[in-house]
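*Asks:* quick one, structure for this:
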Amino acid sequence: MVKDPDRLLSLAYAGAKLRPKLELVFALDEALADILRTVREPMIAQIRLAWWRDQLEALAAGREAAPEPLLLRIGAILGPSGAAWLAELPSAWEHLLEDPLEIEAVRRFADLRSAALAPVFNSPALTIGLRYWALVDFAFHCSDPQLASQVADAAKRQEPDVLKPLPRSARVLIGLARDDLAHPEARRPGSPRRLLRAFRHAVLTS
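*Replies:* Next up, the predicted model:
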């Protein structure tokens with residue numbers, strides 16, 4: 001269900017209790033990203049994002065949502081409370097539909113995305129680290145070199161000082177993001193070297 005190599009590495013270091021919840025959160029995030037990646041008409045993309053938000057809000061209110069497989073799993077595993085904090089995730093991605101897209105919109109995207117993802121880890125210290133990761137993740141997927149550079153510079157000013165207090169699965173994401181900013185030319189998602197780096201961040205910083 002989750003396709004991104006770095007998130008698969010993160011899942012590998014999640015505990016048995018966290019892993020199914022984190023997998024759902026990552027899968028939803030990827031599904032929303034796919035809307036922006038595959039839908040050319042911004043209005044249609046906005047409608048699809050709004051649909052996901054409406055369905056998550058229905059689950060959060062204890063109402064029945066559409067019989068979509070991912071929604072069914074969110075309802076069964078995360079329940080109304082989990083759906084409630086995920087309901088802002090479609091709004092985060094919606095900020096990237098602004099035209100022209102400028103860094104302030106990307107900042108709002110990172111703020112909402114990190115706030116929606118952080119509760120699954122149950123770590124109060126994590127929102128700042130996930131905001132940093134969200135900015136770096138955007139920078140390396142942005143097709144506008146100038147905007148990507150601006151976002152990367154903004155991320156550098158928010159780089160977490162330490163990873164040790166964070167859950168292992170989060171340390172993988174944030175640690176790899178730090179590596180990417182420091183050595184962008186060496187970024188190779190899915191490579192054996194990246195697997196070793198993930199191990200270092202997850203285990204050797206314990």
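*Asks:* how about low-confidence regions in this structure?
*Replies:* Within the chain, the segments meeting pLDDT under 70 span 124-125, 205-206.
*Asks:* so who does residue 137 touch?
*Replies:* By Cβ atoms under 8 Å, 6 or more residues apart in numbering, the contact list for residue 137 reads residue 177. Every residue, glycine included, has its C-beta placed from N, CA and C.
*Asks:* gap between whichever helix or strand it is part of and the chain center?
*Replies:* Assigned by DSSP states H and E, residue 137 falls within helix 126-139. Relative to the centre of its chain, helix 126-139 is centred 8 Å away, using Cα atoms, centre = their mean, to the nearest Å.
*Asks:* ramachandran coordinates for residue 142?
*Replies:* Backbone torsions of residue 142, given as degrees, to the nearest 10, read phi -90, psi 130.
*Asks:* wait, what's in contact with the nearest residue to it once chain neighbours are set aside?
*Replies:* Distance criterion Cβ to Cβ, 6 or more residues apart in numbering; nearest residue to residue 142, sequence neighbours excluded, is residue 148 at 4.0 Å. If you count contacts by Cβ under 8 Å, 6+ apart, residue 148 has them with 138-140, 142.
*Asks:* tell me which helix or strand residue 148 sits in.
*Replies:* Assigned by DSSP H and E, residue 148 falls in helix 145-156.
*Asks:* which residues touch residue 140?
*Replies:* 148, 180, 184, 187.
*Asks:* in strands, which of those residues appear?
*Replies:* Using DSSP state E, no member of these falls in strands.
*Asks:* reformat those as CSV; add distance to residue 103.
*Replies:* Shown next, in CSV, are the contacts of residue 140 (distance: Cβ to Cβ, whole Å):
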residue, distance to residue 103
148, 10
180, 19
184, 18
187, 21
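*Asks:* so which of the residues you listed comes closest to residue 80?
*Replies:* Using Cβ to Cβ, residue 180 is the member of these that lies nearest residue 80, at 36.0 Å.
*Asks:* from the contacts of residue 148, which is closest to residue 40?
*Replies:* residue 142 (17.0 Å).
*Asks:* contacting residues for residue 100?
*Replies:* Per Cβ under 8 Å, 6+ apart, neighbours of residue 100: none.
*Asks:* could you measure from it over to residue 27?
*Replies:* From residue 100 over to residue 27 the distance is 30 Å, taken as Cβ to Cβ, to the nearest Å.
*Asks:* cool, residue 158 as well?
*Replies:* Residue 158 is 26 Å from residue 27, by Cβ to Cβ.
*Asks:* please say which of those two ends up with more neighbours.
*Replies:* residue 27 (19 against 13; other Cβ atoms under 10 Å).
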